[in-house]
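Undergrad: Sequence unavailable; structure follows:
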């Protein structure tokens, strides 16, 4: 019996030793998993912060690129502003003889090749002057019923006011959208 007791004791010790080893391995595995989870969490956090930084950098690059592109497209020199002012002054002077479209027409085809601002300004003025010419023709026809006289006077005043407003905007390097202007020249 003592043999059996010794064997039982050996088995018990062996089981306890294996249980202790398993517990140590389990504790080590749990610690490893906790450490891995912590490291993975830190990696995710750092990756998220890095992604957030990268996104901010890209956002700034896009914004600065957009601003730069707009500056390149809309760069208006003093010379362009002066030419636009001269074009509007000539439109006012020639407008009294219903030939106000000649000035923006010349600027649109001859002078504005190097300047997008001047080309757009000439196109806006040309559209307005052509619209005005059509209105003058209609007013001329309506002279038969006497309302055309009044209409011609109103058209002249409006043309003068709108051209002066366009002149002031052009002097500042901005476009003026003429009211009631047909979009004849695209």
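TA: Ah, there it is. Model, not experiment: these values are computed from the prediction.
Undergrad: for the helix or strand harbouring residue 158, packing partners?
TA: Assigning secondary structure by DSSP states H and E places residue 158 in helix 147-171. If you count contacts as 3 or more CB pairs under 8 Å, 6 or more residues apart in numbering; DSSP states H and E, helix 147-171 packs onto helix 78-95, helix 116-141. (Glycine included, C-beta is placed from N, CA and C.)
Undergrad: okay, those helices in CSV with distance to residue 41, mean neighbour count and mean pLDDT next?
TA: Listed next are the helices and strands packed on helix 147-171 as CSV, based on distance: least, CB to CB, whole Å; neighbours: other CB atoms under 10 Å; pLDDT from 0 to 100:
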stretch, distance to residue 41, mean neighbour count, mean pLDDT
helix 78-95, 58, 19, 84
helix 116-141, 53, 20, 88
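Undergrad: got TSV for the ones you listed, with distance to residue 61 too?
TA: Converted to TSV, the helices and strands packed on helix 147-171 look like this (distance: least, CB to CB, whole Å):
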stretch	distance to residue 61
helix 78-95	29
helix 116-141	24
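Undergrad: Just tell me which of those ends up closest to residue 5.
TA: helix 116-141 (104.5 Å; CB to CB).
Undergrad: between that closest one and helix 78-95, how big is the angle?
TA: With axes from the mean of the first three to the mean of the last three CA atoms, to 10 degrees defining the directions, helix 116-141 sits at 10 degrees from helix 78-95.
Undergrad: Please state the offset of helix 116-141 from the chain centre?
TA: 29 Å (CA atoms, centre = their mean, to the nearest Å).
Undergrad: try stretch 173-186
TA: Distance of stretch 173-186 from its chain centroid, counting by CA atoms, centre = their mean, is 21 Å.
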